[in-house]
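Enquirer: any chance you can model this:
(chains A and B)
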2 protein chains.
Amino acid sequence: MLATTPFPPYYAVIFSSLHADDLAGYAEMAERMMQLAAEQPGFLGVESAREGLGITVSYWLDLDSIRQWKAQAEHREAQRLGREAWYARYRVRIARVEREYGGGIEENASPYLG
Amino acid sequence: MLATTPFPPYYAVIFSSLHADDLAGYAEMAERMMQLAAEQPGFLGVESAREGLGITVSYWLDLDSIRQWKAQAEHREAQRLGREAWYARYRVRIARVEREYGGGIEENASPYLG
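Expert: Have a look, this model is predicted:
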């Protein structure tokens, strides 16, 4: 369930949201979008959790991959429904991953935070 | 519960983890670290959710703020306990937020993703 991503740099889309009350159709669409995202050029992985606040971080090769995914037809329709129905509030942050490290998977080395 | 952050650029620390079986002491430490992080220079906000996989994204003014927080004495002890006891696996990703937009809070404009 943790994403395995390549050596940085690459990009992350941090999507944070609070649900609205009526979630009709949401679960099916969320599952479909996860599936569809994974088929896009430049997709590297995704991590997601909801506990009241929902956070989905998807990882991408470059900004162009993110742009293309944002413009994908089915995804555009999902975004519209999200804005109009499923999300009371949301933020999208596009970020360039510069360093990655961790435990339980092999370590990367990089000049940051040494 | 959604973080309100300034106009980009700023930095995000994306911490993804899977818990180990024995979480003795974890909840207290997690709460203390949230409190302590919020007192650090350069701290901008935090978002967190766990659903099996845990994701905590903290936002910081710059890399130097992140370095100082990583080196903070109580936080170092928490990191050690996390590595040795509470986390079966974890990843830390340091990322530069380049663009932010959303709904329910006023929009930012930026050159990215049009």
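
Enquirer: in CSV, list the C-alpha atoms belonging to the longest helix seen in chain A.
Expert: Looking across chain A with DSSP state H, the single longest helix is helix A:26-38. Only the C-alpha atoms of helix A:26-38 are listed here, as CSV (Å, rounded to 0.1, in the frame of the first residue of the first chain):
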residue,chain,number,x,y,z
TYR,A,26,-18.6,8.6,-5.2
ALA,A,27,-17.2,5.1,-4.2
GLU,A,28,-17.6,3.7,-7.8
MET,A,29,-16.0,6.8,-9.3
ALA,A,30,-13.1,6.9,-6.8
GLU,A,31,-12.3,3.2,-7.7
ARG,A,32,-12.6,3.9,-11.4
MET,A,33,-10.3,7.0,-11.1
MET,A,34,-7.6,5.0,-9.2
GLN,A,35,-7.7,2.4,-12.0
LEU,A,36,-7.7,4.9,-14.8
ALA,A,37,-4.9,7.0,-13.2
ALA,A,38,-2.7,3.9,-13.0
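
Enquirer: so what touches the next helix or strand after it?
Expert: Going down the chain from helix A:26-38, the next helix or strand is strand A:43-51, by DSSP states H and E. The contact list for strand A:43-51, computed with C-beta atoms under 8 Å, 6 or more residues apart in numbering or on different chains, reads A:1-6, A:10, A:34, A:37-38, A:54-61, A:65, A:69, B:16, B:48-55. Quick note: C-beta positions are derived from backbone N, CA and C, even for glycine.

Enquirer: now with 7 Å?
Expert: Residues from elsewhere that reach strand A:43-51 (C-beta atoms under 7 Å, 6 or more residues apart in numbering or on different chains): A:2-6, A:10, A:34, A:37, A:55-61, A:65, B:16, B:49-51, B:53-55.

Enquirer: pLDDT weak spots in chain A?
Expert: Within chain A, the stretches with pLDDT under 70 are A:104-114.

Enquirer: show me the strands in it, by range?
Expert: A:10-19, A:43-51, A:53-60, A:87-103 (DSSP state E).
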